[in-house]
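A.B. asks: Fold the stuff below for me.
(2 chains)
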There are 2 protein chains.
Amino acid sequence: MLPLLVRQSTLFPKTQKTAPSDAESINHKLLVRAGFMDQLMAGSWTLMPLGLRVVGKINQIIREEMNEVGGQELAMPLLHPKSIWNESGRWDTAKEVMYQFKDIHEKEFALSFTHEEIVMDLLRKQITSYRDLPVYVYQFSTKFRNELRAKSGILRGREFMMKDLYSAHTSEEDLMAYYEKVKAAYVKVFTRLGFNFKVTLASGGVFTDKNTHEFQVLSEAGEDTIYFKDGSMEAVNDEVFEGNKDEYISAKSIEVGNIFPLGTWYAEKMGVFFTDQDGVKKPVWFGSYGIGPTRVMGVLVEVNHDDKGIVWPEVVAPFAVHLISLGQNNLNKAEEVAKKLTDLGHEVLWDDRDIAAGAKFADSDLIGIPHRIIISDKTGDSLEYKNRKSGETSLVSFEELLKVI
Amino acid sequence: MLPLLVRQSTLFPKTQKTAPSDAESINHKLLVRAGFMDQLMAGSWTLMPLGLRVVGKINQIIREEMNEVGGQELAMPLLHPKSIWNESGRWDTAKEVMYQFKDIHEKEFALSFTHEEIVMDLLRKQITSYRDLPVYVYQFSTKFRNELRAKSGILRGREFMMKDLYSAHTSEEDLMAYYEKVKAAYVKVFTRLGFNFKVTLASGGVFTDKNTHEFQVLSEAGEDTIYFKDGSMEAVNDEVFEGNKDEYISAKSIEVGNIFPLGTWYAEKMGVFFTDQDGVKKPVWFGSYGIGPTRVMGVLVEVNHDDKGIVWPEVVAPFAVHLISLGQNNLNKAEEVAKKLTDLGHEVLWDDRDIAAGAKFADSDLIGIPHRIIISDKTGDSLEYKNRKSGETSLVSFEELLKVI
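C.D. replies: From the prediction side, this is the model:
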């Protein structure tokens, strides 16, 4: 992560005046122009220092809520042997989306498109008795999916970050009680991120034949259609919707998370059994729960921007304060303010560049840090404050600034 | 990461009494038995919660020193298009070690075995003028190498974590000045980790035809041979050694880091140019600098263990205190002590399990947390303290404990 204070003269990369010619979506245009990400190839992104910092903050919010429901963080491999994917049969059923290949020694591998089978392999080595359950483990990890349509900026990647939580239980009741706990934790995560979202009943895709839940953020950039009643946090995905459409609001939305009550299917396929209190061998009840942090960053931009650039919510902004000094004679004064802010733990991007004020302000609007402070010949002992979201400006003292940020 | 306080009854996984039958190296045996890692296939490891916490601490030490030399953290993709690797010619020259494959649409990809070409592609999109240099970027990222011999536990993986820093400069002088800065930063990192190590002159392998430096930790488990004089921190790798061997100490050692002054070779191959002050177009001077944090964890175990288990150095231990309560009647008292410790910011693993004292002590020795505290019917108002490394025990008050940890 970047340190508390970053001088913009050293920040890699610079902003760009124009968006890439192939950029169609808002998140693609703004995140690339503002220097948060760079495209290596279709669906494949470098998180630049600013972008990694935002994703790090998203991850930390998720991590806190996962720890709150007992999750223990680990990290599983990304390169998987064919043999394990054959056990569940998904080597064949998920062929379209999974990257599969032979190495030069003719050994067959898949890249992680998800980790259920890998967790199951881990559990069968570690679990023998009901005393070893439940288990709650999660990771922040790279997923690879061979998407035909890898457009929409960072919303749909061939390679992307996912937080995936897995839980294993002795009974369906225990699984479903935990499923509801995770659902509530997800509501907390997306509420903390400031999203207008719906908890949406959906089908299970290549994961399960059971009903599952998706977390859908309402957005004009959405490609999904969901149905809900006014004022309700619950919705139904159009794949499983069976009601009278006239009675519901239909919405375009973007999926940012999903939870799967997978049952015993995986355990039975892969031989993950435990011995219960009566000495009876039973399959483990299993659930999996995903959030895409890199996609979340993209959705945040889709729903938090204006015609000048990104407007980051405070909880995930790469910096709290964008300090802009105008004129090289004000560098010392600006450095003093920067130091006072960082000593108090505030993250500051200081635009110390020797360029025109207009260019600095345009970059600042584009990057979207919530609080802007200008130090110039005009500001004297005060600081000129501007709120990125409201656009309101005022002259404040350092103490007044601290109250705002 | 795990929270400050973890109850051992919930920790995944349990310890194992015996090492895996195929385990040859000490780090493999101890890290698996103690529950820090699990093998998915040869050379491929899951970092379990304890292991991820140790690697997280190693990463944080590295991150601090990389930030200190101006490094900005980012994250690059792991799946790379063949076209970029063709530009440098390494698609062919590194074929043996690089995983290469075609997807179902006949597109060719490589998995990240390193990132020089990817950084170069990033730089040529962002750099135009000398004003845009230098650039220092680093990441903690997964590397894949098709190793024939993937034994030695986590020392030699087919998939492993690497911190890789890249620097780009306007001149050889600037590159070499920064190279020395990074060398000094690496000395700090490995000193903080408590290693007995040598800065070792070496060849550049598939990276460069220039001389490079390796950081080699002296260890009986080492597979490299280096030559140095008594008391000197500098050594020479046997690949490039040309002196009289009788005048040097030869040592078995394990490489934990390397630094490469790559020059302009990559920039010329890939067309990464900048315009200097006189308007002349010149190739960028380039360096790369690696440390393997997962390998570092393995080496730490190789050089810090006894016949009972791991002996973690305090700076990377998964917890500062292993709190062991004996008897279910002492749970309340133990919880009180645990709370007081975590309120002060100390990380505590609390063995709250209802099992025999001997089993708890054996697990504690195996896991290797530096400070052990026992609360039992015998300890009264005091705490029984035991130092994992020295084996010394004493009865202490809570205040005396705080002075030790």
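
A.B. asks: Look up phi and psi at the closest residue to residue A:315 other than its chain neighbours.
C.D. replies: With Cβ to Cβ, 6 or more residues apart in numbering or on different chains as the criterion, residue A:315 has its nearest non-adjacent residue at 6.2 Å, and that residue is residue A:192. C-beta: built from backbone N, CA, C; applies to glycine. The phi and psi torsions at residue A:192 (degrees, to the nearest 10) take the values phi -60, psi -30.

A.B. asks: tally of neighbours for residue A:192?
C.D. replies: 16 (other Cβ atoms under 10 Å in any protein chain shown).

A.B. asks: ditto for residue A:149
C.D. replies: Other residues within reach of residue A:149, judged by other Cβ under 10 Å, total 9.

A.B. asks: ok, now residue A:216?
C.D. replies: Should you count by other Cβ under 10 Å, residue A:216 turns out to have 29 residues around it.

A.B. asks: Double-check that it belongs to a strand.
C.D. replies: Yes: counting by DSSP: H, G, I helix; E, B strand; the rest coil, one finds residue A:216 located in a strand.

A.B. asks: pLDDT on stretch A:179-187, on average?
C.D. replies: When pLDDT is averaged along stretch A:179-187, the result is 98.

A.B. asks: Might one say that the residue nearest to residue A:315 is in contact with residue A:314?
C.D. replies: No: under the criterion of Cβ atoms under 8 Å, residue A:192 is not in contact with residue A:314, lying 10.9 Å apart.

A.B. asks: Which pLDDT value goes with the residue nearest to residue A:315?
C.D. replies: We note a pLDDT of 98 for residue A:192 in this prediction.

A.B. asks: same deal with residue A:150?
C.D. replies: pLDDT, the model's per-residue confidence, is 68 for residue A:150.

A.B. asks: Helices of chain A, residue ranges please.
C.D. replies: Remark: helices of chain A, listed N- to C-terminal, are A:26-33, A:49-68, A:82-88, A:90-93, A:116-126, A:172-192, A:265-270, A:293-303, A:331-343, A:357-367, A:398-404; assignment by DSSP state H.

A.B. asks: most tightly surrounded among those?
C.D. replies: helix A:293-303 (a mean of 25; mean count of other Cβ atoms under 10 Å in any protein chain shown).

A.B. asks: what's that one packed up against?
C.D. replies: helix A:26-33, helix A:49-68, strand A:159-169, strand A:249-263 (3 or more Cβ pairs under 8 Å, 6 or more residues apart in numbering or on different chains; DSSP states H and E).

A.B. asks: Quick check: which of those is nearest to chain B?
C.D. replies: Taking Cβ to the nearest Cβ as the criterion, helix A:49-68 is the member of the helices and strands packed on helix A:293-303 that comes nearest to chain B, at 4.2 Å.

A.B. asks: Quick one: check the closest one for contact with chain B.
C.D. replies: Yes: for a cut-off given as Cβ under 8 Å from any Cβ of the partner chain, helix A:49-68 has contacts with chain B, namely A:49, A:51, A:52, A:55, A:63, A:67.

A.B. asks: As a markdown table, those residues with pLDDT would be great.
C.D. replies: Below are the residues of helix A:49-68 next to chain B laid out as a markdown table (pLDDT from 0 to 100):
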| residue | pLDDT |
| --- | --- |
| A:49 | 98 |
| A:51 | 98 |
| A:52 | 98 |
| A:55 | 98 |
| A:63 | 98 |
| A:67 | 97 |
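
A.B. asks: Dump these to JSON lines, plus distance to residue A:32.
C.D. replies: What follows is these, written out as JSON lines (distance: Cβ to Cβ, whole Å):
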{"residue": "A:49", "distance to residue A:32": "14"}
{"residue": "A:51", "distance to residue A:32": "10"}
{"residue": "A:52", "distance to residue A:32": "15"}
{"residue": "A:55", "distance to residue A:32": "15"}
{"residue": "A:63", "distance to residue A:32": "27"}
{"residue": "A:67", "distance to residue A:32": "33"}
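
A.B. asks: who are the neighbours in contact with residue A:229?
C.D. replies: Counting by Cβ atoms under 8 Å, 6 or more residues apart in numbering or on different chains, residue A:229 makes contact with A:247, A:248, A:249.

A.B. asks: How about residue A:281?
C.D. replies: So, once contact is read as Cβ under 8 Å, 6+ apart, residue A:281 ends up touching A:273, A:274, A:275.

A.B. asks: among those residues, which are in strands?
C.D. replies: Using DSSP state E, the subset of the contacts of residue A:281 located in strands is A:273, A:274, A:275.

A.B. asks: quick one on the thing from earlier: which one of the contacts of residue A:281 has the most neighbours?
C.D. replies: Neighbours here are counted as other Cβ under 10 Å. On that basis the top member of those is residue A:274, with 23 neighbours.

A.B. asks: Residue A:282 is in contact with that one, correct?
C.D. replies: Yes: the pair residue A:274 and residue A:282 qualifies as a contact (Cβ under 8 Å) at a distance of 6.2 Å.

A.B. asks: Which neighbours do these two have in common?
C.D. replies: Common contacts of residue A:274 and residue A:282 (Cβ under 8 Å, 6+ apart): residue A:170.

A.B. asks: Where do the domain boundaries of chain A fall?
C.D. replies: With automatic domain parsing serving as the domain definition, the record reports that chain A contains domains spanning A:24-306, A:319-404.

A.B. asks: With respect to residue B:268, which of these lies nearest?
C.D. replies: Go through the domains of chain A one by one with Cβ to Cβ and the one that ends up closest to residue B:268 is domain A:24-306, at 21.3 Å.

A.B. asks: If we ignore the residues flanking it in sequence, what's nearest residue A:39?
C.D. replies: Computed as Cβ to Cβ, 6+ apart, the closest residue to residue A:39 that is not its neighbour in sequence is residue A:45, at 5.9 Å.

A.B. asks: cool, residue A:347 as well?
C.D. replies: For residue A:347, ignoring the flanking residues on the chain, the nearest one in space by Cβ to Cβ, 6+ apart is residue A:319 at 4.4 Å.

A.B. asks: From residue A:346, how far off is that neighbour?
C.D. replies: Distance, residue A:319 to residue A:346, by Cβ to Cβ, to the nearest Å: 8 Å.

A.B. asks: Repeat that for residue A:184.
C.D. replies: Between residue A:184 and residue A:346 the computed distance is 32 Å (Cβ to Cβ).

A.B. asks: Same check on residue A:112?
C.D. replies: Note on residue A:112: its distance to residue A:346, by Cβ to Cβ, is 37 Å.

A.B. asks: More neighbours: which of the two?
C.D. replies: Applying other Cβ under 10 Å to residue A:112 and residue A:346 shows that residue A:112 carries more neighbours, namely 22 against 19.

A.B. asks: Might you report the residue contacts of residue A:169?
C.D. replies: Listed by Cβ under 8 Å, 6+ apart, the contact set of residue A:169 reads A:133, A:134, A:175, A:178, A:284, A:285, A:286, A:287.

A.B. asks: Same question for residue A:332.
C.D. replies: With Cβ under 8 Å, 6+ apart as the criterion, no residue contacts residue A:332.

A.B. asks: circling back to that earlier point, can you convert the domains of chain A into JSON lines and add a column each for distance to residue B:333?
C.D. replies: Written out in JSON lines, the entries for the domains of chain A read as follows (distance: least, Cβ to Cβ, whole Å):
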{"stretch": "domain A:24-306", "distance to residue B:333": "24"}
{"stretch": "domain A:319-404", "distance to residue B:333": "35"}
